[in-house]
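Q: This is the structure alone, sequence omitted:
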């Protein structure tokens, strides 16, 4: 019996040692999103074929059969001009190649060895591609090193505009114009006004401020109030209220709070009348990618309706190319019986990037997150959460799948 168990252990260790790392080949490309995406080529192997320099616009890749590389796949929400850059002062001399279509097609459309403009905030030699990308297409980004250099770095994807000007609804609690949501001057005063009129493929830009959930969908219970996300819509916070491009916002400086404190009495210690779920991604199957980006999500209290005080994710697409994304959000001071910060059902999936999940409290399990479905976490901080019974940080039961990369999980109890 003991010999058999030992053999199994050796076999498992051997399999692990030779397993392919995520992103090591095109067929195992890591999902990339707008904003910063971390990568590491130091343990990667060389892929084939060697890319061509002919599309590099005067630069050279100096790519060889020994160049260690990683792959990412990006599917733009909108047609427009995008910048793809490896600018990162702490990184190495990179080369990048852009492909369109599937891995079997190997259709190289752009590349760059060294950026034409040297930015002092970047390493001495970094790579930059600026090109038009088409909504819904899969683009594969291959990252290697000039002259076989390798290491860690950051791939930043920025929407430079050119495709979304007619599809943006504006929200600013201080706006005093016509209130039709078509410009910053005439912005809606509450995100719900925009959620009531937005259509799939459009964006909502929300200026700094505090916004209370107020849509309880014909229920008689105000605690059913939530910000109910609309399928295929991207809602962005962190604006001052005069920006023309998405990359001009600053969520850290311009705090945009979505709160479940419906009556403003949390400072008195009374959360019994707070909304059950501040944000809901619910019943969005087949509606396209839905994004929430740049918000603080706070003060949900899922006590009676017990799952997900901050964010509830239920009955949404599970495919990696269409599942919801929560990016650059801070999820704090929420309560629930299960999954105080975030709750993902077994009919759902969620990708989270560059988020902070902190000081959430579950009565039973999953202080920060409880996920029965598919969960992807990248570049997040999960700290200071608590559950009375089990899993102060992340609870992923046996049929749930959680992938965690480049994240810090600390001081959860």
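A: All right, it came through fine. Quick caveat: nothing in here was measured; it's all calculated off a predicted structure.
Q: per-residue confidence averaged over stretch 387-395?
A: For stretch 387-395, the mean per-residue pLDDT is 96.
Q: which other residues reach the lengthiest strand in the chain?
A: The residue-count maximum for a strand in the chain (DSSP state E) belongs to strand 152-161. Contacts of strand 152-161 with the rest of the structure, by CB atoms under 8 Å, 6 or more residues apart in numbering, involve 32-42, 72, 74, 76, 78, 80-88, 90-92, 94, 96, 130, 141, 143, 244-247. Bear in mind the C-beta positions are built from the backbone N, C-alpha and C, glycine included.
Q: filter the residues you listed to the buried ones?
A: 32-41, 72, 74, 76, 78, 80, 82, 84-88, 91-92, 94, 96, 141, 143, 246 (16 or more other CB atoms under 10 Å).
Q: the helices in the stretch 151-300 of the chain, which residues?
A: Along the stretch 151-300 of the chain, the stretches classed as helices by DSSP state H, counting those that start in this stretch are 191-195.
Q: can you map out the strands along it?
A: 152-161, 168-171, 203-207, 209-212, 227-228, 234-239, 256-259, 279-282, 291-293, 296-298 (DSSP state E, counting those that start in this stretch).
Q: that older thread, how distant is the longest strand of the chain from the center of its chain?
A: Between the centre of strand 152-161 and the centre of its chain there are 13 Å (CA atoms, centre = their mean, to the nearest Å).
Q: now do stretch 282-289
A: With CA atoms, centre = their mean, you get 16 Å for stretch 282-289.
Q: can you check stretch 207-216 too?
A: How far stretch 207-216 lies from its chain's middle: 21 Å, per CA atoms, centre = their mean.
Q: which parts of it are buried?
A: Under the neighbour-count criterion of 16+ other CB under 10 Å, stretch 207-216 has 207, 208, 209, 211, 212, 213, 215, 216 buried.
Q: so what's the second one up against?
A: Right, residue 208. Neighbouring residues of residue 208 by CB under 8 Å, 6+ apart: 237, 238, 239, 240, 241, 254, 255, 256.
Q: can you count the residues close to the nearest residue to it once chain neighbours are set aside?
A: Computed as CB to CB, 6 or more residues apart in numbering, the closest residue to residue 208 that is not its neighbour in sequence is residue 254, at 3.8 Å. Look at residue 254: counted by other CB atoms under 10 Å, it has 18 neighbours.
Q: Quick check on residue 146: phi, psi?
A: With angles defined as degrees, to the nearest 10, residue 146 sits at phi -60, psi 130.
Q: ok, how many other residues are close to the closest residue to it other than its chain neighbours?
A: Of all residues not flanking residue 146 in the chain, residue 93 sits nearest, at 4.4 Å (CB to CB, 6+ apart). Neighbours of residue 93 under the rule other CB under 10 Å: 20.
Q: Surely residue 93 and residue 143 touch.
A: No. Contact criterion CB atoms under 8 Å: residue 93 and residue 143 do not qualify, at 11.7 Å.
Q: what about the stretch 51-200 of the chain, any weak spots by pLDDT?
A: Applying pLDDT under 70 to the stretch 51-200 of the chain flags the ranges 115-120, 161-166.
Q: now with 50?
A: 163-166 (pLDDT under 50).
Q: right, and residue 228 touches residue 282 too?
A: Yes. With contacts counted by CB under 8 Å, residue 228 reaches residue 282, the gap being 6.7 Å.
Q: Have a look at these two and say which one is more surrounded.
A: Neighbour count, other CB under 10 Å: between residue 228 and residue 282, residue 228 has more, with 20 against 17.
Q: Would you agree residue 75 is in contact with residue 136?
A: Yes. Using CB under 8 Å, residue 75 is in contact with residue 136, at 6.4 Å.
Q: What is the neighbour count of residue 349?
A: Neighbours of residue 349 under the rule other CB under 10 Å: 23.
Q: just the one 5 residues further on next, same as before
A: Using other CB under 10 Å, the number of residues around residue 354 comes to 22.
Q: ditto for the one 10 residues further on
A: Applying the criterion other CB under 10 Å, we find 18 residues in the vicinity of residue 364.
Q: what's the answer for residue 181, then?
A: Applying other CB under 10 Å, we find 24 residues neighbouring residue 181.
Q: Distance of it relative to residue 190?
A: Note on residue 181: its distance to residue 190, by CB to CB, to the nearest Å, is 10 Å.
Q: same check, this time on residue 319
A: Distance of residue 319 to residue 190, given as CB to CB: 32 Å.
Q: Specify which residue of those two has the higher count of neighbours.
A: Counted by other CB under 10 Å, residue 319 and residue 190 do not tie: residue 190 has more neighbours, with 20 against 9.
Q: which phi and psi does that one have?
A: Residue torsions, per degrees, to the nearest 10, at residue 190 are phi -150, psi 140.
Q: residues in contact with it?
A: 171, 173, 211, 214.
Q: likewise residue 354?
A: 35, 36, 327, 328, 378, 379, 380.
Q: Good, wrapping up.
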